[in-house]
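Asks: Structure of the sequence below:
(one chain, ligands or ions: 1)
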Amino acid sequence: MNINWLNKLNKKITYLLAVSGGPDSMFLLDNLVRNEFKIIVCHVNYHKRWSSNVDEQIVREYCTNNKITLEVKNIKEEEYNKKQNFQSQARVLRYDFFNEIAQKYQVYNLVVAHHIYDLLETYIIQKQRKAIVSYYGLKFKTTYKSLSVYRPMLELKKEDIIDYLTLYHIKYGFDETNELIIYERNRIRQQQINKLTDFDINLMLSEIKELNSEQELLKDELEVIYNTIINDDVLAINEFKKYEFKLQQMIIYEFLSQYDEELVLSLKKAKIKEIVRVLTKSSKPNITICISENTWVIKEYNFAYISEKNEPKQFSYKISKINNYNFKEITISKTEPTGGEFQVLYINKSDFPLTIRTNNGEEEIETPFGTKKINRLFIDNKIPYRERLIWPVIINSSGKVVAIPKLSVNKNNISEKPNLYVLKYYGII
Ligand SMILES: Nc1ncnc2c1ncn2[C@@H]1O[C@H](COP(=O)(O)OP(=O)(O)OP(=O)(O)O)[C@@H](O)[C@H]1O
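Replies: All right, here's what the predicted structure looks like:
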């Protein structure tokens, strides 16, 4: 067995040890004790299996015999949400407890007992789920809130662990639920991992290594270019198009993560690919891509951004008369919601009362070049989608759109104040 794994830890510092009482963590515990590491043991009793108390007893006995500090957390029935997956809840409860203990002792390094089969299982699951991953397999060091989490046993095989426990007569618990194939991990363990030969394992490990180093290179590259592509939460498509597909996927992954890290973890790779394809291939000027119940990626001409699907704020003002409508130019001041000011020309007396309200996208207006859909005018004038949703129109007494504010955007694709935009009406001009 590879005994160098212990060199990955430092004898000078104190570690919290996550010990379930199962073979892997009892192996970890015994090795650290024998080699005189400074440790504090943490155990969580989920009270979910008939053997839960037996496991706790095994950990207690070991710690008492070896004079090791032990912290135990008992999880009560009401702390579980029945509707959610038990294993992921158990994980959060466990890590939050470790985090509490870290604060109590001011010891922020935690060691867990994952071994090589855990790493391979994780990799197989990542492939099967077609999930987006920033690292394949398991990492030696990760963080959780204020904790640094170490996995020194990632090169060890289960058989070696069991041989050791047998040799030294170390008691360990048996998790009967490991035999249940209702859990994805157990199924993979039984149907795939247990059948792997050394050759298969090595092959898989080099595959993982290769994927991770590829990923690292991309990450380095990404760091350099990210700010040239994404500025103020807006992605510049022309810049984005310059890079190869894999890097584009990482850019999108990062772009979405900056917006909502949890959201991005729930996405499938196919979604990221779809976003890249739409941004680089589609010639349509405006497209929305749904990424969750409430979130969109919106492509507008040469830029893209992420937006909540919230309904835009609707508004409507009635103007029953304007004193001096004989003027060729009438100013209607308004402050909401775009903060602009209309200057409406050539509105007849009979047009009153006027209504200023948000457009519904379907309306038409008469222009010197014939009747046009307002949506078409927006598109022709490159008005960003998020602006369009609140762009006002002026409606006359018979429900016709008689004016819309100026349609133009500045070089940063921000719409200018909706000032003076007049469309010919009634043929007065
Ligand atoms: N009840 C527990 N009490 C203390 N530590 C535990 C407990 N269950 C698991 N651990 C720790 O977590 C390690 C991994 O356990 P397991 O494979 O069941 O969890 P996982 O959810 O796959 O991993 P992780 O929680 O680290 O992502 C164990 O080897 C042990 O170090």
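
Asks: Closest residue of the stretch 301-429 of the chain to the ligand?
Replies: At 29.0 Å from the ligand, residue 306 is the closest residue in the stretch 301-429 of the chain, using C-beta to the nearest ligand atom. From N, CA and C alone the C-beta is placed, and that goes for glycine too.

Asks: now swap in the stretch 101-250 of the chain and tell me
Replies: With C-beta to the nearest ligand atom, the shortest gap between the stretch 101-250 of the chain and the ligand falls at residue 113, namely 3.2 Å.

Asks: My guess is that residue contacts residue 30. True?
Replies: No - counting by C-beta atoms under 8 Å, residue 113 does not reach residue 30; the two are 10.9 Å apart.

Asks: quick one, which of those two is more surrounded?
Replies: The neighbour comparison of residue 113 against residue 30 (other C-beta atoms under 10 Å) goes to residue 113, with 23 against 17.

Asks: Next up, the contacts around that one.
Replies: Shown in contact with residue 113 (C-beta atoms under 8 Å, 6 or more residues apart in numbering): 18-19, 24-25, 27-28, 151, 153.

Asks: Where does it sit: helix, strand or coil?
Replies: coil (DSSP: H, G, I helix; E, B strand; the rest coil).

Asks: Retrieve the pLDDT associated with residue 258.
Replies: Residue 258 carries a pLDDT value of 87.

Asks: So residue 366 belongs to a strand, correct?
Replies: Yes - under three-state DSSP, residue 366 sits within a strand.

Asks: If you tally nearby residues, what's the number for it?
Replies: 16.

Asks: how close does it get to residue 276?
Replies: According to C-beta to C-beta, to the nearest Å, residue 366 stands 41 Å off from residue 276.

Asks: same question, residue 223
Replies: 19 Å.

Asks: Compare neighbour counts for the two and give me the winner.
Replies: A count of neighbours by other C-beta under 10 Å puts residue 276 above the other of residue 223 and residue 276, at 21 against 10.

Asks: Surely the more buried one and residue 252 touch.
Replies: Yes - between residue 276 and residue 252 a contact is recorded at 5.8 Å, counting by C-beta under 8 Å.

Asks: The stretch 1-150 of the chain: strands as residue ranges?
Replies: Along the stretch 1-150 of the chain, the stretches classed as strands by DSSP state E, counting those that start in this stretch are 14-18, 38-45, 69-74, 109-111, 141-144, 147-150.

Asks: With just CA atoms, put the longest one into PDB.
Replies: What it means is strand 38-45. Presented in PDB, the C-alpha positions along strand 38-45 are these (Å, rounded to 0.1, in the frame of the first residue of the first chain):
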ATOM      1  CA  LYS A  38      -2.900  16.500  16.300                       C
ATOM      2  CA  ILE A  39      -6.600  15.800  15.700                       C
ATOM      3  CA  ILE A  40     -10.200  16.600  16.900                       C
ATOM      4  CA  VAL A  41     -12.700  14.000  15.800                       C
ATOM      5  CA  CYS A  42     -16.200  15.000  14.500                       C
ATOM      6  CA  HIS A  43     -19.000  12.600  14.100                       C
ATOM      7  CA  VAL A  44     -22.600  13.000  12.900                       C
ATOM      8  CA  ASN A  45     -25.300  10.600  14.100                       C
END
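
Asks: what does the stretch 1-150 of the chain put close to the ligand?
Replies: Contacts of the stretch 1-150 of the chain with the ligand, taken as C-beta under 6 Å from any ligand atom, map to 18-20, 24-25, 42-44, 91, 94, 112-114, 118.

Asks: tell me the pLDDT at the residue of the stretch 101-250 of the chain closest to the ligand?
Replies: Residue 113 carries a pLDDT score of 98 in this model.

Asks: again, but for residue 425
Replies: pLDDT, residue 425: 31.

Asks: what residue is smack in the middle of this protein?
Replies: Geometric centre of the chain, nearest residue: residue 264, 2.5 Å, by C-alpha atoms, centre = their mean.

Asks: Name the helix or strand for that residue, please.
Replies: Secondary structure from DSSP states H and E places residue 264 in helix 261-265.

Asks: If you count contacts, what does that helix end up packed against?
Replies: Contacts defined by 3 or more C-beta pairs under 8 Å, 6 or more residues apart in numbering; DSSP states H and E place helix 261-265 against helix 245-259.

Asks: distance between the helix it packs on and the chain's centre?
Replies: Centre-to-centre, helix 245-259 and its host chain are 11 Å apart (C-alpha atoms, centre = their mean, to the nearest Å).

Asks: Next, the angle helix 245-259 makes with the helix or strand harbouring residue 298.
Replies: Using DSSP H and E, the element containing residue 298 is strand 295-300. Going by axes from the mean of the first three to the mean of the last three C-alpha atoms, to 10 degrees, strand 295-300 is angled at 120 degrees with respect to helix 245-259.

Asks: partners of strand 295-300, with directions?
Replies: Paired with strand 295-300 in the same sheet, following DSSP bridges, are strand 286-290 (antiparallel), strand 303-308 (antiparallel).

Asks: helix, strand or coil for residue 356?
Replies: Per three-state DSSP, the secondary structure class of residue 356 is strand.

Asks: Can you name the residues bridging to it?
Replies: For residue 356, the beta-bridge partners are residue 317, residue 394 (DSSP bridges).

Asks: Quick check: the gap between it and residue 231.
Replies: In this view, residue 356 and residue 231 are 34 Å apart by C-beta to C-beta.

Asks: Next: residue 278.
Replies: Applying C-beta to C-beta, the value for residue 278 to residue 231 is 20 Å.

Asks: Quick check on these two: which one has the bigger neighbour count.
Replies: Per other C-beta under 10 Å, whichever of residue 278 and residue 231 has more neighbours is residue 278, with 16 against 13.

Asks: what packs against the helix or strand containing that one?
Replies: Residue 278 is part of helix 269-281, with elements assigned from DSSP H and E. Counting contacts by 3+ C-beta pairs under 8 Å, 6+ apart, helix 269-281 is packed against helix 237-240, helix 245-259, strand 286-290, strand 295-300.

Asks: Mind putting these into JSON lines with distance to residue 5?
Replies: Below are the helices and strands packed on helix 269-281 laid out as JSON lines (distance: least, C-beta to C-beta, whole Å):
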{"stretch": "helix 237-240", "distance to residue 5": "43"}
{"stretch": "helix 245-259", "distance to residue 5": "32"}
{"stretch": "strand 286-290", "distance to residue 5": "45"}
{"stretch": "strand 295-300", "distance to residue 5": "43"}
